[in-house]
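In: Prediction below, plus the sequence it came from.
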Amino acid sequence: MKTIFRVHALLLASALTLLFAPTTAEAQKALVYCPASDPGGCTTVRSALLSAFPGGVDTGDDGTNGSVDLKTVDLFQYALVFVPSMAETDSTAPYTLLRDQAVIGRLKLALLGRRAFWSGTPDQGGLTTTRPQKDALIQNLATWASGDFATVNGPGLVVLQDNSQDVTKRYDWVQAIAGFNLIADSRFSSYSAVTSLTAAGSTRPGVVQCPPRQRTQDGHWPGRARHLPQNRR
């Protein structure tokens, strides 16, 4: 009798997995955070990711302007959640929804994949001569962060630079979602070349790696590059 019960339980579990687990096509989707107050970066990121995610690239906000609602959408259908570079000022607050408790809880539960934080703005700038390189960087970050979707069955995360006017509030929304405190460096620096500090960083050009739930003192992660000049051109 116990054996029969176990067989039935296994069959039920398998059926539930088939019903609710993301399909291969769904795993090839990405979600770009796109607040109405600062849509510029998300438009660029979405365009760059379309070829890398044949399942589609959705924009996430409150469900208006063609976006999906971050408070209700099934986040497990995505291989990647991408947050473009934005800036909060006295009159705009694009990160507000990422501080909403309902959204925080859902993102914290779903973001089981790799996390990549790039202190630069490849989604900004109007020169057509540098756009291909910037798009390639966006694609490299997305590819790495979504790379273990098949293993964890949840999306990875890419975050570009938080340029908020108040330096002390930059990345203050990250801790509740990712589980670690990311501290912005108020000093602006540029580099003509970058050398990775880890073997893993050397094998993945253009990718910054952040171990989950690890806090740093100065916000600089191993293998991380800051403010590459081409990001501003």
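Out: Everything's here; your move. Numbering: from 1, shown residues only.
In: which residues in the chain form helices?
Out: Secondary structure of the chain (DSSP state H): helices located at 2-20, 24-27, 40-49, 101-110, 131-145, 149-152, 174-178, 199-203.
In: Give me the contacts around stretch 103-118.
Out: Residues from elsewhere that reach stretch 103-118 (C-beta atoms under 8 Å, 6 or more residues apart in numbering): 70-71, 75-76, 79-81, 97-98, 137, 141, 144-149, 152-161, 176-179, 182, 207-210, 212, 221, 224-225. To be clear about C-beta, it is placed using only N, CA and C from the backbone, and glycine gets the same treatment.
In: Where among the helices of the chain is average confidence lowest?
Out: Of all those, the minimum mean pLDDT falls on helix 2-20 (a mean of 41).
In: count of neighbours near the residue nearest to G56 when sequence neighbours are not counted?
Out: For G56, ignoring the flanking residues on the chain, the nearest one in space by C-beta to C-beta, 6 or more residues apart in numbering is K29 at 5.1 Å. With neighbours defined by other C-beta atoms under 10 Å, the count for K29 comes to 20.
In: K29 touches Q77, doesn't it?
Out: Yes - assessed by C-beta atoms under 8 Å, K29 is found in contact with Q77 at 6.0 Å.
In: Please determine how far D123 is located from M86.
Out: Here D123 is placed at a distance of 9 Å from M86 (C-beta to C-beta, to the nearest Å).
In: any common contacting residues for the two?
Out: Joint contacts of D123 and M86 (C-beta under 8 Å, 6+ apart) are G41.
In: So what's the residue count around the nearest residue to Q165 once chain neighbours are set aside?
Out: Leaving aside its sequence neighbours, Q165 sits nearest to T89 (C-beta to C-beta, 6+ apart; 4.8 Å). Neighbours of T89 under the rule other C-beta under 10 Å: 13.
In: Over to V152?
Out: Other residues near V152 come to 12 when the count uses other C-beta under 10 Å.
In: What of L112?
Out: Using other C-beta under 10 Å, L112 is surrounded by 16 other residues.
In: hang on, isn't D62 packed against V73?
Out: No - look at D62 against V73 with C-beta under 8 Å: they stay out of range, at 10.8 Å.
In: picking that back up, pLDDT score assigned to the residue nearest to G56?
Out: On the pLDDT scale, K29 gets 96.
In: how about it, what does it touch?
Out: The contact partners of K29, by C-beta under 8 Å, 6+ apart, come to 53, 55-58, 77-79.
In: Redo these as CSV? Include neighbour count and distance to V103.
Out: Shown next, in CSV, are the contacts of K29 (neighbours: other C-beta atoms under 10 Å; distance: C-beta to C-beta, whole Å):
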residue, neighbour count, distance to V103
F53, 22, 22
G55, 17, 22
G56, 16, 21
V57, 24, 19
D58, 18, 15
Q77, 20, 16
Y78, 32, 14
A79, 28, 19
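In: now, among the residues you listed, which is nearest to Y171?
Out: Nearest to Y171 out of the contacts of K29 is Y78 (C-beta to C-beta; 21.8 Å).
In: G120 versus the closest one, what's the distance?
Out: Plainly put, Y78 is 23 Å away from G120 if you go by C-beta to C-beta.
In: G113 too?
Out: G113 sits 21 Å away from G120, taking C-beta to C-beta as the criterion.
In: And S146, by the same measure?
Out: Per C-beta to C-beta, S146 is found 19 Å from G120.
In: Neighbour count: the two, which is higher?
Out: Using other C-beta under 10 Å, the more surrounded residue of S146 and G120 is S146, with 28 against 22.
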